[in-house]
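Chemist: sharing a model that was predicted from the sequence below.
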Amino acid sequence: PGRAQVFSAVVDTFLEKLVAAGSYRRFVNCYRCFYKLQPQLTRSIYDQFISQLQVSIKEEIQEVKNEGNLEELFSSLDKIVEEAKDREEPAWRPSGIPAQDVRGALVPSVLQQRAHLRRALRQRQGRSSSLAEAVLAGRHSIAELQQLIQARQQAWQ
């Protein structure tokens, strides 16, 4: 049976046990004086109380199922379990050491991020070295021009 059916069976079992726990005998013990005066009416009140209790519990559970979309979630969980049956490798389970589990989950993304940052760093370093060479070439050209200016200035004087 699917999980939705199991859930419904659990709810039905719960209601049966609730009704058994709230037996007529216990109800009568709580309302003994009223029972002595009108036993038939007490039985009728008990029956109405139990039926109304069951109806209201079923309605509340149905409302929770609808709000939480439990039917769809149960069916998707059933599909996941069916798909997992064909797998040969065991499913991941936590080791019991939270730091190790978190590390295991974060390591792939951290490695990917590190690789991206290293690529970006190499690009920046390449651009920086080419710019540094251009600056050095510019300084060399400025130094040559200054020497040329000084030579012409001395020649003119």
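Modeler: Nice, thanks for sending it over.
Chemist: what distance separates the helix or strand encompassing Leu148 from the middle of the whole chain?
Modeler: For Leu148, the enclosing helix or strand under DSSP states H and E is helix 98-156. On the basis of Cα atoms, centre = their mean, to the nearest Å, helix 98-156 sits 42 Å off its chain's mean C-alpha point.
Chemist: and stretch 75-92, by the same measure?
Modeler: That offset, for stretch 75-92, works out to 18 Å (Cα atoms, centre = their mean).
Chemist: likewise stretch 9-20?
Modeler: For stretch 9-20, the distance from its own C-alpha centre to the chain's C-alpha centre is 32 Å (Cα atoms, centre = their mean).
Chemist: show residues contacting the host helix or strand of Leu18.
Modeler: Taking DSSP H and E as the criterion, Leu18 maps to helix 3-21. Identification of contacts with helix 3-21 by Cβ atoms under 8 Å, 6 or more residues apart in numbering yields 1, 50, 53-54, 57-58, 61, 70-71, 74-75, 77-78. C-betas here are computed from N, CA, C, even on glycine.
Chemist: and what of stretch 88-99?
Modeler: Stretch 88-99 is contacted by residues 84, 101 when judged by Cβ under 8 Å, 6+ apart.
Chemist: quick one: end-to-end length of it, please.
Modeler: 28 Å (Cα to Cα, to the nearest Å).
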